[in-house]
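1. Mind folding the following:
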Amino acid sequence: MRTSPAKLLILIAILLVIVVELRTVLAFFDVELTVLQGIAVGIVGIALLLVWAFSPLFSESDQ
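-> Purely as a prediction, here's the structure:
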């Protein structure tokens, strides 16, 4: 695991804040992002974060 569970929880919380604020920023540019689309972006972001966090660490000495 690349990070501790506590850091992972904090990263997920920060990612959710970014997704919510992204909707606000896009609204200033007349880009509509529905709540469902925001949820989808959040789920994809969390999934990518989890894949990154649980992927094994490889160093040059492991090869």
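2. residues contacting residue 20?
-> Residues in contact with residue 20 (Cβ atoms under 8 Å, 6 or more residues apart in numbering) are residue 38. The way it works is simple: take the backbone N, C-alpha and C, and place the C-beta from them, glycine included.
3. Check the gap between it and residue 30 for me.
-> 18 Å (Cβ to Cβ, to the nearest Å).
4. same question, residue 42
-> 22 Å.
5. who's more crowded, the two?
-> residue 42 (17 against 6; other Cβ atoms under 10 Å).
6. What strand or helix carries the more buried one?
-> According to DSSP states H and E, residue 42 maps onto helix 35-54.
7. Sort out which residues of that helix are buried, please.
-> By 16 or more other Cβ atoms under 10 Å, the buried positions in helix 35-54 come out as 38, 41-42, 45-46, 49, 53.
8. List the contacts of that helix.
-> By Cβ under 8 Å, 6+ apart, the surrounding residues in contact with helix 35-54 are 1-3, 8, 11-12, 15-16, 19-20, 22-23, 33.
9. pLDDT value on the most centrally placed residue in the chain, please?
-> When Cα atoms, centre = their mean is applied to the chain, the residue found nearest the centroid is residue 45 (3.3 Å). Looking at residue 45, its pLDDT is 95.
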